[in-house]
Structure formats: C-alpha cells, structure tokens
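1. Please find the sequence and the predicted model below.
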Amino acid sequence: MAELLGVNEVVNIVGTGPDAAYKIIRELNAELKERGFIVVRGRIAENYLRERLNLGREKECLTDK
C-alpha cells in the first residue's frame, strides 16, 4: 500500500523548501485528480511522487548525495 506523504516528507525527499514541496504536491494531485483518482489535500502518494521525479525506490534525500 502506498504511503501518503506530507510536506515535511516531500521536503526531505526532494531537498527543497516547504513552498516548493507544496507546489509539487499540488501539481501532482492535480494530475491524479484529472486521471480520476481521489486525492487528499496536502498529501501525495509516495510511489507517485518518486515515479514522477524519476527517483525509483531510493529512500534518501537528494541533498545527501
């Protein structure tokens, strides 16, 4: 089952600030909603986030590299 991530988790994965993370969440949720999925405001499915950012299954922050 996919985990729903909040802004803090997105910040850690992407290595951005909260404003950019919220923008990413909004954009990805809009894509999912357009495709007919139910979305939760301020949360994004981890697997979809990683797929769209081409991150695969890695669990590390981009800033750690």
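-> Now that the structure is in, tell me what you want to look at.

2. which stretches of the chain have low pLDDT?
-> For the chain, applying pLDDT under 70 flags the ranges 1-2, 57-65.

3. swap the cut-off to 50 and go again
-> 60-65 (pLDDT under 50).

4. Do you have the helices of this protein handy? List them.
-> Along the chain, counting by DSSP state H, helices occupy 7-14, 18-34, 46-52.

5. okay if I get those helices as JSON lines plus distance to V40 and mean neighbour count?
-> (C-beta placed from N, C-alpha, C; glycine too.) Shown next, in JSON lines, are the helices of the chain (distance: least, CB to CB, whole Å; neighbours: other CB atoms under 10 Å):
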{"stretch": "helix 7-14", "distance to V40": "12", "mean neighbour count": "18"}
{"stretch": "helix 18-34", "distance to V40": "8", "mean neighbour count": "15"}
{"stretch": "helix 46-52", "distance to V40": "12", "mean neighbour count": "16"}
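
6. Check the gap between E27 and E34 for me.
-> 11 Å (CB to CB, to the nearest Å).

7. cool, E9 as well?
-> Following CB to CB, the distance that separates E9 from E34 is 23 Å.

8. same check, this time on R41
-> Distance from R41 to E34, by CB to CB: 15 Å.

9. ok, now A21?
-> 21 Å.

10. and the residue nearest the centre of the chain, what does it touch?
-> In the chain, the centroid-proximal residue (CA atoms, centre = their mean) is L49; its distance is 3.8 Å. Neighbouring residues of L49 by CB atoms under 8 Å, 6 or more residues apart in numbering: 5, 10, 13, 24, 28, 55.

11. Then L32?
-> Contacts of L32 (CB under 8 Å, 6+ apart): 39, 45, 48.

12. let's go with 6 Å and repeat that
-> Counting by CB atoms under 6 Å, 6 or more residues apart in numbering, L32 makes contact with V39.
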